[in-house]
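>>> Below is the structure, and that's it, no one-letter string:
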């Protein structure tokens with residue numbers, strides 16, 4: 001699917017010019033849910049001081065909510081505490097960019113405080129790391145030593161658990 005043709009009008013000093021462009025098609029809910037299920041790395045944009053602050057995060061998706069583990073240090077913690085309103089972006093693309101999909105979600109991050117849910121989310125991260133055969137080096141991004149087994153994520157509380165809720169705007173586009 002190449003796109004949807006759209007005609008735009010541009011005003012120049014000599015009058016209006018027309019230009020044909022292709023508008024990227026939108027994804028249906030089942031398509032963007034599948035994109036979220038298939039990938040495990042996203043970017044979260046926090047409200048920064050003068051500019052947004054964007055950081056990569058691994059996540060899990062339970063079919064309804066995205067969950068993230070965050071180290072307990074860094075600018076993201078300060079920005080989260082100041083304003084939990086964020087934009088989350090997930091994408092997938094072919095090496096030559098002939099096919100790509102992306103979704104942007106605007107919502108609210110909430111720190112999970114329920115002990116049973118935190119334990120489940122941490123175990124889901126362990127399972128994801130094992131199932132996807134990820135390098136133990138990824139543990140450093142989660143506040144763990146790469147020398148530790150992935151199960152240490154579930155046993156120790158080195159991370160905060162965040163949940164994306166209150167999603168108000170979803171932009172999900174695809175090409176190819």
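Thanks, I have it. The structure displayed is predicted, hence computed values, not measured ones.

>>> low-confidence ranges in this structure?
Along the chain, segments meeting pLDDT under 70 span 1-13, 16-22, 176.

>>> list the helices and strands the top helix by length along it packs on?
Longest helix in the chain, counting residues (DSSP state H): helix 115-131. When contacts are defined as 3 or more C-beta pairs under 8 Å, 6 or more residues apart in numbering; DSSP states H and E, helix 115-131 sits against strand 53-61, strand 66-71, helix 152-155, strand 159-175. (C-beta placed from N, C-alpha, C; glycine too.)

>>> okay, these, which one's buried deepest?
Mean neighbours per residue, mean count of other C-beta atoms under 10 Å, is largest over the helices and strands packed on helix 115-131 for strand 66-71, with a mean of 21.

>>> what about residue 77, which SS state?
For residue 77, the assignment made with DSSP: H, G, I helix; E, B strand; the rest coil gives helix.

>>> tell me the contacts of the closest residue to it other than its chain neighbours?
Take residue 77 and drop its neighbours on the chain: the residue closest to it by C-beta to C-beta, 6 or more residues apart in numbering is residue 70, 7.1 Å away. By C-beta atoms under 8 Å, 6 or more residues apart in numbering, the contact list for residue 70 reads 57, 76-77, 80, 159-162.

>>> rerun that using 7 Å as the cut-off
Residue 70 sits next to 76, 159-160, 162 when contact means C-beta atoms under 7 Å, 6 or more residues apart in numbering.

>>> And stretch 57-66, end to end?
Start-to-end span of stretch 57-66 (C-alpha to C-alpha, to the nearest Å) is 11 Å.

>>> on that earlier part again, present the helices and strands packed on helix 115-131 as JSON lines; the columns should include distance to residue 110.
Output for the helices and strands packed on helix 115-131, formatted as JSON lines (distance: least, C-beta to C-beta, whole Å):
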{"stretch": "strand 53-61", "distance to residue 110": "14"}
{"stretch": "strand 66-71", "distance to residue 110": "10"}
{"stretch": "helix 152-155", "distance to residue 110": "20"}
{"stretch": "strand 159-175", "distance to residue 110": "5"}
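
>>> Quick check: which of these is nearest to residue 100?
Across the helices and strands packed on helix 115-131, residue 100 has its closest neighbour in strand 159-175 (5.5 Å, C-beta to C-beta).

>>> helices and strands around that closest one, which ones?
strand 66-71, strand 100-111, helix 115-131 (3 or more C-beta pairs under 7 Å, 6 or more residues apart in numbering; DSSP states H and E).
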